[in-house]
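Peer 1: got a predicted model here, sequence first, then my questions.
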Amino acid sequence: MLELKNVHTYYGNIHALRGVNLVVNKGEIVTLIGSNGAGKTTTLRTIQGILRPREGEILLEGVALHKLPPHEIVRRGVSQSPEGRLIFPRMSVKENLEMGAYQRNDASGIAEDMERVFKLFPRLKERIGQRGGTLSGGEQQMLSMGRALMARPRVMLLDEPSMGLAPILVDQIFDIIRELHSQGVTILLVEQNARLALSVADRGYVLETGEMALTGPAKELLHNPQVKAAYLGENH
Amino acid sequence: MQKSLAPSSNTSFLQRFGKVLLPVAVVYVLLMAGQPAGLEPGRLLREIISDPTILVQQLITGLANAAIITIIAIGYTMVYGIVEMVNFAHSSVFMLGTMVALLFMVALSGGQATPLWLALLAFIPAMLFCGVLNSVIERMAYRSLRSQPKIVSMIAAMGMDFILQNIGMQIGAFGKLPNAFPKDQSIAWLRVLGNQNPSPKSFPQVLPNINLLESIFGPDVVLRITPAEVVVILSAVILVYGLSWFVANTRPGKAMRAVAQNPAAAAMMGIDVNKIINLTYAIGGALAGAAAVMYGLYKGTTSWDVGFVNGLYSFTAAVVGGIGNIAGAALGALMIGVISALSNQLLASTDWSKAIVFLVLVLVLVFKPTGILGSEGGEKA
Ligand SMILES: Nc1ncnc2c1ncn2[C@@H]1O[C@H](COP(=O)(O)OP(=O)(O)OP(=O)(O)O)[C@@H](O)[C@H]1O
Ligand SMILES: [Mg+2]
């Protein structure tokens, strides 16, 4: 469904992605793990069109995304809960969710999806009129994910949903990710918490300084000695 | 248990005592040096108490001036809110708006006296012209510079300002327009720039210069409101409410707020950020066009340089109110309008009014650097 072929992305002269290949199939959760600065966020921003690859192709069901501006990419079904959440601090929870559906104009479908988001995150319904900036970190993460769902995406990109959250909240968020998986949402999940990510994912990729080091079914990666040593902590 | 009683080293002396010392210093200077300017608190207080209508009358005048400043200021504040750039060309877009409004009125009156409906109709061409102009300027001059440091676009904006002023001079030299002043009063050096006669131009007088209160309540009323004041204030109220509604409730309005608050996130939501920024310029320009018609109706004259003072007041209003904030622009404009009207009335000479206005505004910024309604990082459109 989503396919990256030999993608190279630069920040000025910094060669951040050095030929990334990646496939996400329909209904899958695929996780992209790697240490700080490996290029995970860069990969998601490149898929979304915020950054342009200098070389390579990004295809969504055969359509070349890398030639489209970000708003066209969203329209074709790619949405994102970005690193740092980036919710709109002075817009209400409801308005933030509405912005997630910006590219849609099926009012009844949007209302349906809003209800669906509130079912997944009852907290957001309680806070519906509150400004995004006044929410707690966990609530902001929920809002950011809910907002990405409002696009009714074909592929949802999740960048470090566990970042900065207390363990209980992390568990809650990952329960929701499993729930979304069971509803058939296709997800590309970026995580530093490799153990957690591999436990929910179907397949995984390991990114090292802009290059794919390893790939395989999540269960295999969990037991791969290299992955264990580098990302899971040997003594666990 | 080690709790130091000494203030932490990163709060400077001024930060700790500035709040107290500064007002004391200002009051002292005003009492000592204010005399020649007629700033004698005792006399002023006596005058106001003995005849409070002076105060009210000046508030009315201030309100009418503030109405025009507000509408121009919103153009600065919206653009700043969304791209954090001061569009220095905005004042000249306003100036060209006055020219377009005047040309429209003169051209369509066919030598007859301009009827009121025609003058009010001028809102449409002036707003259209200025909106399109600002949008074209953004597209041609600023967009490709947006990834550069902000100062680069601001310099481009200054250049654009000069270009527009020169166009204004050319239009000002256009023979069909009635001159407000005799030719010899036009500034000599302008001819060096190749203009025959860019002197101020008169707007047709479409609103009678009468006291509406007198026509309603009879000859005994002490206060005075002219039809032009009513039209100008009403226009501003309609525009501010209309714009606030637009920004709060419509899809493009919400997109404008989203882009102002976080452009990267807005792009990820599928908002065409370039388009929304351009729309913001267009709306700001259209408002400058509306302000231009209001200015023509109220002041009755224009010239290639009306952008300067009005732009300065408006930009200051935007900053003092809290840049990026529409209500702040109105509040800042109100302060400027009222303070200058009051000091015109109460001081020995109107020459001091601008100094007083900016003194108050600087004081506001000393105590609230983000402006009255501004928050950290700007409230933003
Ligand atoms: N705006 C930028 N300008 C220049 N270099 C950047 C920029 N953003 C990221 N980089 C560099 O690109 C590389 C990849 O960064 P990226 O943010 O994609 O890493 P990441 O895998 O998401 O890391 P993290 O786990 O810390 O989020 C890093 O070396 C980083 O320093
Ligand atoms: Mg990252």
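Peer 2: Ah, there it is. Ligands and ions are numbered 1, 2, ... in the order given.
Peer 1: residue B:258: neighbouring residues, count only.
Peer 2: Look at residue B:258: counted by other C-beta atoms under 10 Å in any protein chain shown, it has 27 neighbours. C-beta here means a position set from N, CA and C on the backbone, and glycine is covered the same way.
Peer 1: and if you look at residue A:204?
Peer 2: Neighbour number of residue A:204 under other C-beta under 10 Å is 27.
Peer 1: now for the helix or strand where it lies, which elements pack on it?
Peer 2: Assignment of secondary structure by DSSP states H and E places residue A:204 within strand A:203-208. Under the contact criterion of 3 or more C-beta pairs under 8 Å, 6 or more residues apart in numbering or on different chains; DSSP states H and E, strand A:203-208 touches strand A:29-33, strand A:211-217, helix A:218-223.
Peer 1: which single residue of the stretch 1-150 of chain B ends up nearest ligand 1?
Peer 2: residue B:147 (12.1 Å; C-beta to the nearest ligand atom).
Peer 1: quick check: that residue is in a strand.
Peer 2: No: secondary structure of residue B:147 (DSSP: H, G, I helix; E, B strand; the rest coil): coil, not part of a strand.
Peer 1: roughly how far apart are it and residue A:52?
Peer 2: The gap separating residue B:147 from residue A:52 is 13 Å, by C-beta to C-beta, to the nearest Å.
Peer 1: please say which of the two ends up with more neighbours.
Peer 2: Per other C-beta under 10 Å, whichever of residue B:147 and residue A:52 has more neighbours is residue A:52, with 12 against 8.
Peer 1: go ahead and confirm the more buried one touches residue A:9.
Peer 2: Yes: the criterion here is C-beta atoms under 8 Å, and residue A:52 meets it with residue A:9 at 7.4 Å.
Peer 1: which neighbours do these two have in common?
Peer 2: Between them, residue A:52 and residue A:9 have residue A:46 as joint contacts when contacts are counted by C-beta atoms under 8 Å, 6 or more residues apart in numbering or on different chains.
Peer 1: before we move on, the earlier item: pLDDT score for the residue of the stretch 1-150 of chain B closest to ligand 1?
Peer 2: Note on residue B:147: pLDDT of 88.
Peer 1: same check on the one 5 residues further on?
Peer 2: Confidence at residue B:152, expressed as pLDDT, is 93.
Peer 1: residues in contact with the host helix or strand of it: which ones?
Peer 2: Assigned by DSSP H and E, residue B:152 falls within helix B:150-172. Residues from elsewhere that reach helix B:150-172, judged by C-beta under 8 Å, 6+ apart: B:83-89, B:91-93, B:95-96, B:99, B:103, B:137, B:141-142, B:145-146, B:190, B:193, B:195, B:197-201, B:303-305, B:307.
Peer 1: and for stretch B:231-245?
Peer 2: When contacts are defined by C-beta under 8 Å, 6+ apart, stretch B:231-245 is touched by residues B:63-64, B:66-68, B:70-71, B:74, B:123, B:207, B:283, B:287, B:290, B:293-294, B:297-298, B:326-327, B:330.
Peer 1: keep only those of these that are in strands.
Peer 2: Where the contacts of stretch B:231-245 are compared with strands, as defined by DSSP state E, there is no overlap at all.
Peer 1: strands paired with the strand holding residue A:204, and their directions?
Peer 2: Using DSSP bridges, the strands paired with strand A:203-208 are strand A:29-33 (parallel), strand A:211-217 (antiparallel).
Peer 1: list the buried residues of the longest helix seen in chain A.
Peer 2: Scanning chain A for the helix with the most residues, using DSSP state H, yields helix A:167-182. Along helix A:167-182, these residues count as buried under the neighbour rule (16 or more other C-beta atoms under 10 Å in any protein chain shown): A:169-170, A:172-174, A:176-177, A:180-181.
Peer 1: give me the mean pLDDT for that helix.
Peer 2: Averaged across helix A:167-182, pLDDT comes to 93.
Peer 1: in chain B, what residue spans correspond to strands?
Peer 2: Taking DSSP E as the criterion, chain B contains strands spanning B:201-202, B:301-302.
Peer 1: which of the ones you listed sits closest to ligand 1?
Peer 2: For the strands of chain B, distance to ligand 1 was read as C-beta to the nearest ligand atom. The smallest value, 47.3 Å, belongs to strand B:301-302.
Peer 1: pLDDT below threshold where in the stretch 101-250 of chain B?
Peer 2: Under the criterion of pLDDT under 70, the regions of the stretch 101-250 of chain B flagged as low confidence span B:172-198.
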